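*Asks:* no FASTA, just this:
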């Protein structure tokens, strides 16, 4: 059992003393602090993180605007906020203004958002800028469609809301949001999914957005070279290593998809398709006896990045020369 130490402190000149007991077992004090933090972390409230993040990005956010962003009624938000704030220390500060009410974060609330939420959204200035742009676009749309933005958004995602239909100005915010979100999703999939869960509580709508992004990307932006160019932007070194490995496997007669391991976003879905496209182009070029400059030119016209096109074409030349020399380096 830990031995207790009795300490005395004096304040002022009145000689009064405050007695307090400190346990020699410092872990007890640490445990109390951890339990206090855990109480906040373990609030099982559907909208907790979304509420705190919304207030973080828009300080002194009105009750009406917050309820609209969450997609809940103003009266329903009262009970939700009460549950989020039913801990000590409280993360939210309620600020009355006549018959209206506004919210801001306490220091504990800000600390929680910065350590537990924002760390899952960005780890660079570029990611931070992207997240803020996406957040602003969607919130502008929400505020342009007070009380009905969920329904309007879902309609725009549906097949019935074809691209040929006349769009309202606020609809353009949705399509711009989807473009920005799509770019972020294919660069930082996990962070993008975390962001979407904060922006939209409705699981079905979130799934609809992700499905839409995937379909639109594949149908309209999803040529293999578009994907390859995106990969080059994400991790140029890994793309070039992938190309090197691909040509080594061709030369060795190894099945490419089984031999190459990469961490590029969407590799599981698109890697084999990209490999097959490059290999087919190489075989056709070989039959036509194309020079490397000619093959690179064809790839560039199909929108492969210029530097990458010449690099792969050089690999093609080396492979062709090796085949001409009976599989040996000439």
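*Replies:* Thanks, I have the structure now. These numbers were taken from a predicted model, which means no experiment stands behind them.

*Asks:* Please count neighbours and contacts with C-alpha atoms only from this point.
*Replies:* OK.

*Asks:* any weak-confidence spans in the chain?
*Replies:* Regions of the chain meeting the criterion pLDDT under 70 cover residues 1-45, 159-169, 217-222, 254-260, 324-330.

*Asks:* can you give me the strands for it?
*Replies:* Ranges of strands in the chain, per DSSP state E, are 4-10, 17-23, 61-62, 92-97, 100-105.

*Asks:* Which residues outside the shortest one are in contact with it?
*Replies:* Residues external to strand 61-62 that are found in contact with it (C-alpha atoms under 8 Å, 6 or more residues apart in numbering): 54, 55, 100, 101, 102, 103, 104.

*Asks:* Residue 124: which of those is nearest?
*Replies:* Distances from residue 124 to the contacts of strand 61-62, taken as C-alpha to C-alpha, are shortest for residue 54 (20.5 Å).

*Asks:* separation between that closest one and residue 230?
*Replies:* In this view, residue 54 and residue 230 are 31 Å apart by C-alpha to C-alpha, to the nearest Å.

*Asks:* who has more neighbours, these two?
*Replies:* Neighbours were counted for residue 54 and for residue 230 using other C-alpha atoms under 10 Å; residue 54 has more, 22 against 18.

*Asks:* Would you confirm that that one contacts residue 67?
*Replies:* No: the pair residue 54 / residue 67 is not scored as a contact, 10.5 Å apart, by C-alpha atoms under 8 Å.

*Asks:* which residues touch stretch 170-177?
*Replies:* 134, 137, 138, 140, 141, 144, 145, 153, 156.

*Asks:* Can you tell me how far the closest residue to the first one other than its chain neighbours is from residue 144?
*Replies:* The shortest distance from residue 134 to any residue that is not its chain neighbour, by C-alpha to C-alpha, 6 or more residues apart in numbering, is 5.9 Å, and that residue is residue 177. For residue 177, the distance to residue 144 (C-alpha to C-alpha) stands at 14 Å.

*Asks:* Then residue 233?
*Replies:* For residue 233, the distance to residue 144 - C-alpha to C-alpha - is 35 Å.

*Asks:* Neighbour count: these two, which is higher?
*Replies:* More neighbours surround residue 144 than the other of residue 233 and residue 144, with 15 against 12 (other C-alpha under 10 Å).

*Asks:* For residue 293, give me its contacts.
*Replies:* Contacts of residue 293 (C-alpha under 8 Å, 6+ apart): 310, 313.

*Asks:* From residue 208, how far off is it?
*Replies:* Residue 293 sits 44 Å away from residue 208, going by C-alpha to C-alpha.

*Asks:* Generate a ChimeraX selection restricted to the buried entries among the contacts of strand 61-62.
*Replies:* Command for ChimeraX that selects the buried part of the contacts of strand 61-62, burial taken from 16 or more other C-alpha atoms under 10 Å:
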select :54,55,102,103,104
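
*Asks:* for the contacts of strand 61-62, which one is nearest residue 123?
*Replies:* residue 54 (19.4 Å).

*Asks:* For that closest one, which residues are in contact?
*Replies:* Listed by C-alpha under 8 Å, 6+ apart, the contact set of residue 54 reads 61, 66.

*Asks:* From residue 146, how far out is it?
*Replies:* 16 Å.

*Asks:* what's the answer for residue 118, then?
*Replies:* The spacing between residue 118 and residue 146, counted by C-alpha to C-alpha, is 27 Å.

*Asks:* just residue 249 next, same as before
*Replies:* 57 Å.

*Asks:* Same question for residue 178.
*Replies:* Look at residue 178 and residue 146: by C-alpha to C-alpha, they are 20 Å apart.

*Asks:* ok, now residue 269?
*Replies:* According to C-alpha to C-alpha, residue 269 and residue 146 sit 38 Å apart.

*Asks:* Comparing the two, which residue is more hemmed in?
*Replies:* residue 146 (15 against 9).
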